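Q: Please find the sequence and the predicted model below.
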Amino acid sequence: MASAAPAAPQAVWADTIPAHRQWFWLPSRVYTFCLVEWQKLRHDRTELLTRAIQPVLWLVIFGKTFSHIHAISTPNGVPYLDYLTPGVLAQSTLFVAVFYGIQVIWERDAGVLSKLMVTPTPRSALVLGKGFAASVRAAAQVIVVIVVALLIGVHLKLAPWRIIGSMAAVALGAAFFACLSVTVAGLVLSRERLMGIGQAITMPLFFASNALYPIALMPVWLQWVSRFNPLTYQVNALRGFLLGFPAHYWVDFGVLTLAVALAVTVAATVLPRLVR
């Protein structure tokens, strides 16, 4: 009589690992996934250049045009092109990160995500790794936008601490939008739906912020919406660093940090839906 085939080893999901052990592993797992994403970036540097095309076009075409027609009044008579530059930088951050969930779906389809999910790795580490990759890509945009802005005559304050602060604000914004994209991916489960939703939320997030115009020029209802938009606080911080505008950095960074923490928590909660 033939003996029965041995049963396949049962997968151990991260959810079954005690919470205190997950927290113990979290720093090393986050570092590992950040390192993996960094290696991906090193092998695909052309994307950093292609991503820079859009902000350059916004500055050179949109910014120059609206500067000449004086269509939008800016605080303290600041040239509109100067005023726009931090907004374009924030916009490029949004566009870099908001479709990051597509990469997670690709990893699901390739079978990579399911293998990662059965290891004793906190799901938040996976999400933070994606947020780190988006942050690095977005931080690279800071240098590109600053160089282009200087070439077309924008007056920026470029003390080292200001550039570092700008990169920190951009990194937090990118991490939030990347985690938001992962959340959407976990809800819709397909690239096509994610693309549609990403396109649907990108423009409202952008136009419902102070990236293009001061909040005071918005309708009252839109002013309220902008105050709950993390992109607004990112732009505030960037204008403070790059233009010397009055800024409450502790408020801006506090909101961005809280938004990232909330986005990571929600994304980690819905991530298992992709592999069920």
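A: That came through, no problem.
Q: For stretch 84-99, list every residue counted as buried.
A: 84-99 (16 or more other C-beta atoms under 10 Å). C-beta coordinates here come from the backbone N, C-alpha and C atoms, glycine included.
Q: Have a look at those and tell me the least confident one.
A: On pLDDT alone, Val96 ranks lowest of these, at 80.
Q: can I assume it is in contact with Ala139?
A: No. The criterion here is C-beta atoms under 8 Å, and Val96 misses it with Ala139 at 9.9 Å.
Q: list the residues that contact both of the two?
A: Ala174 (C-beta atoms under 8 Å, 6 or more residues apart in numbering).
Q: Low-confidence ranges, this structure, go.
A: 1-34, 36-51 (pLDDT under 70).
Q: Helix, strand, or coil at the residue nearest to the spatial centre of it?
A: Per C-alpha atoms, centre = their mean, the C-alpha nearest to the average position across the chain is that of Ala174, at 1.8 Å. Under DSSP: H, G, I helix; E, B strand; the rest coil, Ala174 falls in the helix class.
Q: Wait, it touches Lys130, no?
A: No. Under the criterion of C-beta under 8 Å, Ala174 makes no contact with Lys130, lying 10.2 Å away.
Q: Secondary structure element holding Ala71?
A: Assessed by DSSP states H and E, Ala71 sits outside every helix and strand.
Q: now it: how far from Val182?
A: 37 Å (C-beta to C-beta, to the nearest Å).
Q: So which of those two has more stuff around it?
A: Val182 (31 against 10; other C-beta atoms under 10 Å).
Q: returning to what we had before: which one of the buried residues of stretch 84-99 is nearest Trp58?
A: Of all the buried residues of stretch 84-99, Val88 has the smallest distance to Trp58: 4.7 Å, by C-beta to C-beta.
Q: OK, contacts around the residue nearest to Ala175 when sequence neighbours are not counted?
A: Among residues not flanking Ala175 along the chain, Gly131 sits closest, at 3.5 Å (C-beta to C-beta, 6 or more residues apart in numbering). Applying C-beta under 8 Å, 6+ apart, we find Gly131 in contact with 174-176, 178-179, 260, 264.
Q: how far out from the middle of the chain is the helix or strand where Gly131 lies?
A: If you go by DSSP H and E, Gly131 is part of helix 123-151. Once both centres are worked out by C-alpha atoms, centre = their mean, to the nearest Å, helix 123-151 turns out to sit 8 Å from its chain's centre.
Q: again, but for stretch 140-159
A: Counting by C-alpha atoms, centre = their mean, stretch 140-159 comes out at 20 Å from the chain centroid.
Q: Buried residues in it, which are they?
A: Under 16+ other C-beta under 10 Å, the buried positions of stretch 140-159 are 140-142, 144-146, 148-149, 154, 156.
Q: Can you name the two of those residues that sit furthest apart?
A: Greatest spacing in the buried residues of stretch 140-159, by C-beta to C-beta: Ala140 and Val154 (18.7 Å).
Q: ranges for the helices of the chain?
A: 19-42, 46-50, 53-57, 64-69, 80-97, 101-109, 112-117, 123-151, 160-188, 191-207, 220-226, 230-243, 249-270 (DSSP state H).
Q: Could I get the contacting residues of Leu59?
A: 81, 84-85, 88, 145, 148-149, 152, 154.
Q: run the last query once more with 7 Å
A: 85, 88, 148-149, 152 (C-beta atoms under 7 Å, 6 or more residues apart in numbering).
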